[in-house]
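Peer 1: please work out how this folds:
(one chain, ligands or ions: 2)
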Amino acid sequence: MAAIQDKVCRNHPDRPATERCDNCFKPLCEDCVLIRDGKPFCSERCFENQLEVSRNISSFETRRKREVLLRRRRRLVRATLMILLLGAVLAYILTHQSQVLLWRDWLLDRLPDLAL
Ligand SMILES: [Zn+2]
Ligand SMILES: [Zn+2]
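Peer 2: Numbering: from 1, shown residues only. Ligands and ions are numbered 1, 2, ... in the order given. Model (predicted):
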């Protein structure tokens, strides 16, 4: 493996570094590098830290996806309710046309300045 330019192992200053820890980017020699999941790490701790981080990211993403879905569903419910309400109002107006006209006249009597 090619040496990392001008870098020596963090634990062995007399040895050239061949890898960097994927988590903390510490330069490491062949003896110090720890391969986990095909990636170089300086320690189990760094490997676990990175696992933790990627787990947090993926759980964050699933949470966000769930929220988007929920929001979309809520919007759909709201739109459906709106349509139902409009339909109900429309049905009411159509079936109570005379009464609605009476209300309008009543309103017009009380709000003469409002040109309806
Ligand atoms: Zn590390
Ligand atoms: Zn070393």
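
Peer 1: give me the contacts around stretch 13-30.
Peer 2: Stretch 13-30 is touched from outside by 1-4, 7-12, 31, 33, 39-43, 46-47, 49-50, with contacts defined as C-beta atoms under 8 Å, 6 or more residues apart in numbering. (Glycine included, C-beta is placed from N, CA and C.)

Peer 1: helices - which of those residues land there?
Peer 2: Members of the contacts of stretch 13-30 lying in helices (criterion: DSSP state H): C46, F47, N49, Q50.

Peer 1: residue contacts, the third one?
Peer 2: Each residue near N49 by C-beta under 8 Å, 6+ apart is listed here: N23.

Peer 1: sec struct for the most centrally placed residue in the chain, please.
Peer 2: In the chain, the C-alpha closest to the average C-alpha coordinate belongs to R64, at a distance of 3.1 Å (C-alpha atoms, centre = their mean). Assigned with DSSP: H, G, I helix; E, B strand; the rest coil, R64 falls in the helix class.

Peer 1: what kind of secondary structure is A91 in?
Peer 2: With three-state DSSP as the criterion, A91 reads helix.

Peer 1: and R66, how far from ligand 1?
Peer 2: Distance of R66 to ligand 1, computed by C-beta to the ion, to the nearest Å: 33 Å.
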